[in-house]
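>>> Turn this into a structure:
(chains A and B)
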Amino acid sequence: GENVEQHPSTLSVQEGDSAVIKCTYSDSASNYFPWYKQELGKGPQLIIDIRSNVGEKKDQRIAVTLNKTAKHFSLHITETQPEDSAVYFCAASIAQGAQKLVFGQGTRLTINP
Amino acid sequence: KAGVTQTPRYLIKTRGQQVTLSCSPISGHRSVSWYQQTPGQGLQFLFEYFSETQRNKGNFPGRFSGRQFSNSRSEMNVSTLELGDSALYLCASSPWTVSPGANVLTFGAGSRLTVL
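Okay, the predicted model is just below:
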């Protein structure tokens, strides 16, 4: 089955700097890659996603890149702000059919003022 | 538009008991999935329901079960609770259409179960 590895497990950056979180997946059939942000006491919230027919997607300060050949995808957050502090999860799945996401272990991002 | 609603938010049980958790999906969403979140194992898929049918199941013992009602609301049940079942149980709903761009999961805040 699919396996998703996420690095780093913790990341601390200065406010205004960029943060990058990387994930690799094992199943070449996976074609949907969402990123979720989870704040304390809340459920994961989708922040951006990408499908395998796209190499990069951007939404304001957040971007995701996908390399299907290498089976890895990354989340980039620019101009970080204190409210970006949270745990971020990457995931992979086959978009059609059953909605089974396989998650990475998470990255705790801390933005230092 | 109301989000995914899970009840109860917190509960404490003892070993051997059973528990039922409830999930109301976003209006119009027909697919409901359940995930278990623990510090050690992270987020793990339990099962997914669509039109009252279980379409996929994760690698959990038979003590974990679920169902979906005709109004898309879902419940999950854990019988004979063990200490290791202590976790945040998350429900997610999806519109599940055949359109490739529509199958996005929206999560609820979760039900935190503590087993003593």
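>>> For the spatially closest residue to B:Leu21 that is not a sequence neighbour, name its beta-bridge partners.
Leaving aside its sequence neighbours, B:Leu21 sits nearest to B:Ser111 (Cβ to Cβ, 6 or more residues apart in numbering or on different chains; 4.7 Å). Yep, even glycine has a C-beta here, placed from its N, CA and C like the rest. Taking DSSP bridges as the rule, B:Ser111 bridges to B:Tyr89.
>>> Spit out the contact partners of B:Ser111.
By Cβ atoms under 8 Å, 6 or more residues apart in numbering or on different chains, the contact set of B:Ser111 is B:6-11, B:21, B:88-89.
>>> farthest-separated two in these?
B:Thr7 and B:Leu88 (13.9 Å; Cβ to Cβ).
>>> neighbour-wise, which of those two wins?
Taking neighbours as other Cβ atoms under 10 Å in any protein chain shown, B:Thr7 and B:Leu88 compare with B:Leu88 leading, 20 against 11.
>>> Return the residues in contact with that one.
B:36-38, B:110-113.
>>> show me where pLDDT drops low in the chain?
You didn't say which chain, so I picked chain A. A:95-98 (pLDDT under 70).
>>> Chain B, not that one
Using pLDDT under 70, the flagged stretches of chain B are B:1, B:96-102.
>>> one more time with 80, if that's ok
B:1, B:96-103 (pLDDT under 80).
>>> Quick check: the residue nearest the centre of it vs chain A, distance?
Closest to where the C-alpha atoms of chain B average out (Cα atoms, centre = their mean) is B:Trp34, at 2.8 Å. Taking Cβ to the nearest Cβ, to the nearest Å as the measure, B:Trp34 falls 11 Å from chain A.
>>> Pull out the buried residues from the host helix or strand of that residue.
Assigned by DSSP states H and E, B:Trp34 belongs to strand B:31-38. Neighbour counts over strand B:31-38 (16 or more other Cβ atoms under 10 Å in any protein chain shown) mark B:31-37 as buried.
>>> ok, so of the residues you listed, who is nearest B:Leu46?
B:Trp34 (4.1 Å).
>>> tally of neighbours for the residue lying closest to that closest one once chain neighbours are set aside?
Nearest non-adjacent residue to B:Trp34, counting by Cβ to Cβ, 6+ apart: B:Leu46, 4.1 Å away. Residues contacting B:Leu46 under the criterion other Cβ under 10 Å number 22.
>>> do the same with the one 4 residues further on
When counting by other Cβ under 10 Å, one arrives at 20 neighbours for B:Phe50.
>>> correct me, but it touches B:Ser33?
No: if you go by Cβ atoms under 8 Å, B:Phe50 and B:Ser33 don't touch, sitting 9.4 Å apart.
>>> Show me what from chain B comes close to chain A.
B:4, B:31, B:33, B:35, B:42-45, B:48, B:55-56, B:58, B:90, B:92, B:94, B:96, B:98, B:100-101, B:103-110 (Cβ under 8 Å from any Cβ of the partner chain).
>>> which of these count as buried?
B:4, B:31, B:33, B:35, B:42-45, B:48, B:55, B:58, B:90, B:92, B:94, B:96, B:103-110.
>>> In helices only, show me these.
Taking DSSP state H, every one of those sits outside helices.
>>> for the closest residue in space to B:Ile12 that isn't next to it in sequence, what are its contacts?
Distances taken as Cβ to Cβ, 6+ apart place B:Thr114 nearest to B:Ile12, at 4.7 Å, with adjacent residues excluded. Residues counted as contacts of B:Thr114 (Cβ under 8 Å, 6+ apart) are B:10-13, B:86.
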